[in-house]
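Visitor: Fold the following.
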Amino acid sequence: MANILITGASGFIGSFLVEEGLKQGYQVYAGIRKSSSREYLQDSRIQFIEFDFSTTEKVTETLESCKKNNLRFDYIVHNAGLTKARKKEDFHNVNCLNTVHFIEALMQTGMVPEKFIFVSSLAAYGPGNPLTGEPVRLADEPKPIELYGKSKLAAERYITSLNDFPWLIVRPTGVYGPKEKDYFVFFQTISRGMEPYIGFKKQILTFIYVRDLVRFIFLAMTSVHVQKAYFVADGKEYPSELFAEITKKALGKKTIRFTVPLFIVKSIAIVGENLAGLWGSIPTLNTDKYNVLRSTNWRCEVEPLERDFGFTAEYDLEKGVGETLTWYKKEGWL
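Guide: Numbers count the residues shown, from 1 in each chain. This is a model prediction of the structure:
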């Protein structure tokens, strides 16, 4: 039985990675923080390891303890990270520096796995050209437009500088599914009978259902491919209006449709960000989020998924949204 370590295991994607690892017969080690919730990690087969990635020394201490217990990891999926932060510098500290500390500790302790998968994001490259409509391609120069994406790109650049390290980078587009909280806000808004749009330009979105993303990660993990990076999406493009139509159909809701001009959204983002900073909270709408919402082209190149892995998504948006909303209703979120 191969050992797999999954960091960020208590989060949305992490909990699905743990579930899939158990399903495929791995001995799963859930890397969590001391303060992490274990609500979605209830299976008795899960082994827990508490990590503090804030310094290389602290990670080294944890890994040395693993070695003393004859524990090594065949595979590591480094999924831990921040998508929201109270302080702007937290993005770089957690998404980049913590990754550097982790890898440095793995090399110093001789605990380098057969493959190290870094879960990055399409945000590390930013949106595609709004004028040509061309998708973001692997050969393009990265142009992230938000601090989250910039921090992921900084981590990627460190990883790709390592010549003798077995890395593979996964860059999913918008990930949705049960337990996810950001897209849930949109579903909740539709459920309440409102259908808002940001700006007057058509926006093209791409998605990957969480179970498809996880399936791809495990496929990539045991493949021959190494020191490569991939964008991960379901291969389809969705106008924002279609996203709303699919959601309304699944919920059986009629809505009031309205468009909020960009300058108003930007003003709300700036004011909300400043007010939230006074209380140390994280606003749903901030200037980074505004940059994402105003971008009209989130197409990305997915042909390498089929070419290198024979991977095609099992869920399109309609199927994925249906399953997601069923979960939200069952759990009392909607």
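
Visitor: Distance from the lowest-mean-pLDDT helix or strand in the chain to the middle of the chain?
Guide: Between all helices and strands in the chain, the lowest mean by mean pLDDT, DSSP states H and E belongs to helix 262-279, at a mean of 77. A distance of 24 Å separates the centroid of the chain from that of helix 262-279, by Cα atoms, centre = their mean, to the nearest Å.

Visitor: Show me what it packs onto, helices and strands only.
Guide: helix 287-293 (3 or more Cβ pairs under 8 Å, 6 or more residues apart in numbering; DSSP states H and E). Where you see a C-beta, it was placed from the backbone N, CA and C, and this is true even at glycine.

Visitor: Could you list every helix and strand in contact with the helix or strand following the helix it packs on?
Guide: Counting by DSSP states H and E, the next helix or strand C-terminal to helix 287-293 is helix 303-309. Other helices and strands packing on helix 303-309, by 3+ Cβ pairs under 8 Å, 6+ apart, are helix 210-221, strand 229-232.

Visitor: out of the ones you listed, nearest to residue 250?
Guide: Closest of the helices and strands packed on helix 303-309 to residue 250 is helix 210-221, at 16.7 Å (criterion: Cβ to Cβ).

Visitor: That closest one packs against which elements?
Guide: By 3+ Cβ pairs under 8 Å, 6+ apart, helix 210-221 packs against helix 12-23, strand 75-78, strand 115-119, strand 167-172, strand 174-176, strand 229-232, helix 303-309.

Visitor: pLDDT (mean, whole number) over that helix?
Guide: For helix 210-221, mean pLDDT rounds to 98.

Visitor: That one to strand 115-119, inter-axis angle?
Guide: 150 degrees (axes from the mean of the first three to the mean of the last three Cα atoms, to 10 degrees).

Visitor: Compile the helices and strands packed on helix 303-309 into a markdown table and extend it with columns for mean neighbour count and distance to residue 124.
Guide: Below are those laid out as a markdown table (neighbours: other Cβ atoms under 10 Å; distance: least, Cβ to Cβ, whole Å):
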| stretch | mean neighbour count | distance to residue 124 |
| --- | --- | --- |
| helix 210-221 | 22 | 15 |
| strand 229-232 | 24 | 9 |
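
Visitor: Could you point out which of the ones you listed sits nearest residue 163?
Guide: Residue 163 sits nearest to strand 229-232 of all those, at 15.4 Å, using Cβ to Cβ.

Visitor: quick one: low-confidence parts of the chain?
Guide: Flagging of the chain using pLDDT under 70 yields the residue ranges 276-284.

Visitor: picking that back up, can you say which of the helices and strands packed on helix 210-221 is packed in most?
Guide: strand 75-78 (a mean of 26; mean count of other Cβ atoms under 10 Å).

Visitor: Mind giving me the packing neighbours of it?
Guide: So strand 75-78, by 3+ Cβ pairs under 8 Å, 6+ apart, packs with strand 3-7, helix 98-108, strand 115-119, helix 210-221.

Visitor: now the third one and helix 98-108, what's the angle there?
Guide: The one in question is strand 115-119. Calculated by the same axes, to 10 degrees, strand 115-119 forms an angle of 170 degrees with helix 98-108.

Visitor: rewinding a little: which one of the helices and strands packed on helix 303-309 lies nearest to residue 84?
Guide: Comparing the helices and strands packed on helix 303-309 under Cβ to Cβ, the one sitting nearest is helix 210-221, at 18.0 Å.

Visitor: And for the closest one, what's in contact with it?
Guide: 4, 12-13, 16-17, 19-21, 24, 75, 77, 115, 117, 119, 168, 170, 172, 175-178, 180, 230, 232, 234, 305, 309, 311, 313-315, 320 (Cβ atoms under 8 Å, 6 or more residues apart in numbering).

Visitor: rerun at 6 Å
Guide: 16-17, 20, 75, 115, 117, 168, 170, 172, 175, 177, 232, 309, 311, 313-315 (Cβ atoms under 6 Å, 6 or more residues apart in numbering).

Visitor: and if you look at stretch 25-35?
Guide: Residues from elsewhere that reach stretch 25-35 (Cβ under 6 Å, 6+ apart): 1-7, 9-10, 18, 21-22, 41, 46-51.

Visitor: Let me have the helices and strands packed on strand 75-78 in TSV, adding distance to residue 327 as columns.
Guide: Listed next are those as TSV, based on distance: least, Cβ to Cβ, whole Å:
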stretch	distance to residue 327
strand 3-7	21
helix 98-108	30
strand 115-119	22
helix 210-221	11
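
Visitor: right, so of these, which gets closest to residue 56?
Guide: Smallest distance to residue 56 across those (Cβ to Cβ): 4.5 Å, for helix 98-108.

Visitor: Tell me what angle the closest one forms with strand 3-7.
Guide: 150 degrees.

Visitor: re earlier: tell me which of the helices and strands packed on helix 303-309 lies nearest to residue 137.
Guide: Closest approach to residue 137 among these (Cβ to Cβ): strand 229-232, 8.5 Å.
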